[in-house]
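I would like the atomic coordinates for the input below:
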Amino acid sequence: MSRVALPVIRDHFRLQPDMTAWVATAFMLPFMILMPVYGGLSDSLGKRRLILAGIFIFSIGTAIATLAPSLSWLMAGRAIQGVGVGGIMPLGMALISTIFLPDERGKALGTWSSVGPTTAFIGPLFAGFLIEQWGWRVAFLPPMGVGVIAFLIVMKIVPSQLDQVKRDSLRSFDWPGAILLAAAMISLLFYLSSRPITGVPPLRDWRLASITAMLALCFLFWEKQQKNPFVAIDIFRSRVFSITSFCASMRMFVMGGISFLVPLYLVDVRQLSVSHIGIMAMINPGAMSLIVRFGGQVADRWGSRWPVVTGLTVQAMVILILSQLSNTASIWSLGMILASHGLATGLMLAALHRAAMRHISEEQMGLIAGLYSMLRFVGGVIGTALGGVLLQRYMQQSFSMAQAYQRVFLFFAGISILGIIAGLGLKEE
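The predicted structure follows:
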C-alpha cells in the first residue's frame, strides 16, 4: 500500500527520485538489518515473544507515519515500522522449518510464502481508491488495524510453550557484531545515494566508500574472533547456501527496483491515476500467489535448481521487454508483463527458501533464517536505492522521461542475468 502512495508522497513533499527512494529505504534498511538479530535472539528468547514485540513496534511506527506532520516524521515512522516487522519473516520461516521435515518444507514454505503475495494483491486495490479520495496518509490506516488483529491472533493461537528463555542470552549475544554490520550497511546505502545525505553525487563520495570498507573489515575481523558470532560466517562454506543466498539477493534486487519504479513510471510516462496504479500494482503479487506453492512442490520433487534458474530467466526476459516497451503500447501489454514477472518471481521463492534451510540443524533455525532473510533483502534495499539514483541521473541527462525509465529497466535486466549464472551452479546433495 505504501508503494502505491509513493507518487503522491513524492509530489506532496516535492522530492527528487533519489530522495523518493529513501521513503521506501527508510523502512527496508532496519527491516533488513534486524532480521538476523531477531533470528539469533529467537533461539534463546522465544519466537512467539519476539513476533508479538515486533507487531507492537510496527503498529507504533504505522501510527507515526499516518500522523506525520513532515517528511522527517514520515521517515521516522517508516523506520520504526521496519524495526518491528523485521522479525516476522525469519521467525515465521524458522517456526515452519522446525515443524516440517526437510522433504516437506518446500510445500509448507510455499504455502506460507503465498500469504504475502495474496495480501499484496488485495492491498494495492484498496490503497489506490483510498489515496485518491483522502490522500497518502490513509494508506497506513489498514496496516495499523491489521497489526492489532495479528497481535491478538498470535497471543491466542501460537502456544506460549514455544518460548523457552535461556539465561544470560541477551548478555552473551554478539551486540558489537550486530552494530558493526548495521553501521556498514547504513554507510553503504549512504554511499549509493549520497546526495540527500552529504550533497555529493551518488557513488562519488570517497569518504563514505572508505568508511564502508573499514566497517566491513572490522566486522569480519570481529566475527572471526567470536565463539558465538552474530553472523555464522562458516555457513558460507556451504556451496548451496552461498549460491542460494546470492540468487535470492539478485531476485530481490530486481524486485525492489521494479516495485519502486513501476508506480512512478505509471504516473510520469503513462499518466495513470492513483486508483489505476493500485489496480496495476495488484497484478504482480496476484500472479505470485498463484504459483508460489507450486514452485515449492516442484522443488520438493526435482530439486531447487531448475525452478530458480527458470524463474530468473523469465524475470530477465520480462524486464528486458519492459525496457523496450513503446510508450504507445496498451495497458494490457504492460499488465501481461507485470503478470509474467510475478509468475517468475513466485516460481523460485519457495525453492530458494527450501534450498537455504534444507540442511540446517533445529537449534540454528532462527539464526540461519535471519541471516538468509537479511541477505535476500540486502538486494531489495540496494535495488530500491539504485533505482532512484539511476533514474535521477538519466533524467538530468538528455534523455526523455520514457527513455530514462527504459535505461533503468535495462540495468535491472542485467542484474537478473547475474542470478541466472549463479543459479546454474545450484546442485543439491
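
please make it C-alpha for all contacts and neighbour counts, starting now.
OK.

state the next helix or strand along the chain beyond the one helix or strand in the chain whose mean pLDDT sits lowest.
Sorting the helices and strands of the chain by mean pLDDT, DSSP states H and E puts helix 169-172 at the bottom, at a mean of 72. Helices and strands here follow DSSP states H and E; after helix 169-172, the next one along the chain is helix 175-192.

buried sites along that next one?
For helix 175-192, the buried set under the neighbour-count rule, 16 or more other C-alpha atoms under 10 Å, comprises 177-178, 180-192.

same for it, what does it pack against?
Helices and strands touching helix 175-192, by 3 or more C-alpha pairs under 8 Å, 6 or more residues apart in numbering; DSSP states H and E, are helix 17-33, helix 206-225, helix 365-396.

quick check: angle from it to helix 365-396?
Relative orientation of helix 175-192 versus helix 365-396 (axes from the mean of the first three to the mean of the last three C-alpha atoms, to 10 degrees): 20 degrees.

can you list contacts of helix 175-192?
Contacts with helix 175-192, where a contact means C-alpha atoms under 8 Å, 6 or more residues apart in numbering, come from 29, 33, 37, 197, 202-205, 208-209, 211-213, 215-216, 218-219, 222-223, 229-231, 382, 385-386, 389.

could you export the helices and strands packed on helix 175-192 as TSV, including mean neighbour count, mean pLDDT and distance to residue 69?
Output for the helices and strands packed on helix 175-192, formatted as TSV (neighbours: other C-alpha atoms under 10 Å; pLDDT from 0 to 100; distance: least, C-alpha to C-alpha, whole Å):
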stretch	mean neighbour count	mean pLDDT	distance to residue 69
helix 17-33	24	87	15
helix 206-225	16	93	30
helix 365-396	24	86	24
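
point out where the chain drops to low pLDDT.
43, 161-169, 362-363, 365-366, 428-429 (pLDDT under 70).

and it, what are its domains?
For the chain, automatic domain parsing gives the domain ranges 2-159+234-423, 174-229.

just name the most buried of these.
domain 2-159+234-423 (a mean of 21; mean count of other C-alpha atoms under 10 Å).

would you mind measuring the gap between the ends of that one?
32 Å (C-alpha to C-alpha, to the nearest Å).

how far does that domain sit from its chain's centre?
Relative to its chain's centre, domain 2-159+234-423 lies at 4 Å (C-alpha atoms, centre = their mean, to the nearest Å).

show me the contact partners of stretch 143-154.
By C-alpha under 8 Å, 6+ apart, stretch 143-154 touches 48, 52, 55, 56, 58, 59, 62, 63.

ugh, typo on my part, it should be stretch 8-20
6, 71, 135, 136, 193, 196, 385, 387, 388, 389, 391, 392.

I'd like the residues you listed laid out as a markdown table, including distance to residue 155.
As requested, the contacts of stretch 8-20 are arranged in a markdown table below (distance: C-alpha to C-alpha, whole Å):
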| residue | distance to residue 155 |
| --- | --- |
| 6 | 33 |
| 71 | 34 |
| 135 | 33 |
| 136 | 31 |
| 193 | 40 |
| 196 | 41 |
| 385 | 36 |
| 387 | 39 |
| 388 | 40 |
| 389 | 42 |
| 391 | 44 |
| 392 | 45 |
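
just the closest of those to residue 101, please.
Of all the contacts of stretch 8-20, the one with the least separation from residue 101 (C-alpha to C-alpha) is residue 385, at 37.9 Å.

residue 25 is in contact with that closest one, correct?
Yes. Using C-alpha atoms under 8 Å, residue 385 is in contact with residue 25, at 6.8 Å.

re earlier: which pair in the contacts of stretch 143-154 spans the largest distance?
Longest span within the contacts of stretch 143-154, C-alpha to C-alpha: 48 and 63, 23.1 Å.

and residue 323, what does it touch?
Residue 323 touches 405, 406, 407, 408, 409, 410, counting by C-alpha under 8 Å, 6+ apart.

got the contact list for the second one?
Under the criterion of C-alpha under 8 Å, 6+ apart, the contact list for residue 406 reads 322, 323, 324, 325.

now the helix or strand it falls within against helix 365-396, angle please.
Using DSSP H and E, residue 406 falls within helix 401-423. Helix 401-423 runs at 150 degrees relative to helix 365-396, counting by the same axes, to 10 degrees.

tell me the secondary structure for the residue lying closest to residue 193 once chain neighbours are set aside?
Nearest residue to residue 193, sequence neighbours excluded (C-alpha to C-alpha, 6 or more residues apart in numbering): residue 202, at 4.9 Å. At residue 202 the chain is in coil, as set by DSSP: H, G, I helix; E, B strand; the rest coil.

next, residue 202: phi, psi?
The phi and psi values for residue 202, taken as degrees, to the nearest 10, are phi -50, psi 140.

surely it meets residue 208?
No. The pair residue 202 and residue 208 fails to qualify as a contact (C-alpha under 8 Å) at a distance of 10.4 Å.

one step back: which of the contacts of stretch 143-154 sits closest to residue 367?
Of the contacts of stretch 143-154, the one sitting nearest to residue 367 (C-alpha to C-alpha) turns out to be residue 48, at 15.0 Å.

quick one: contacts of stretch 356-375?
The contact list for stretch 356-375 (C-alpha under 8 Å, 6+ apart) reads 32-43, 87, 89-91, 93-94, 97-98, 102, 105, 231-232, 240-241, 244-246, 248-249.

ok, stretch 118-126 next?
1, 4, 275, 277-279, 281-286, 288-289.

how about 10 Å then?
The contact list for stretch 118-126 (C-alpha atoms under 10 Å, 6 or more residues apart in numbering) reads 1-5, 114-115, 117, 130, 139, 142-143, 274-290.

from these, which land in helices?
2-5, 115, 117, 130, 142-143, 274-290 (DSSP state H).

coming back round to it: list the contacts for the residue nearest to residue 193?
Residues in contact with residue 202, defined by C-alpha under 10 Å, 6+ apart, are 18, 189-196, 386, 389-390, 392-393.

distance of residue 356 relative to residue 240?
7 Å.

typed the wrong thing, it's residue 68
From residue 68 to residue 240 the distance is 44 Å (C-alpha to C-alpha).
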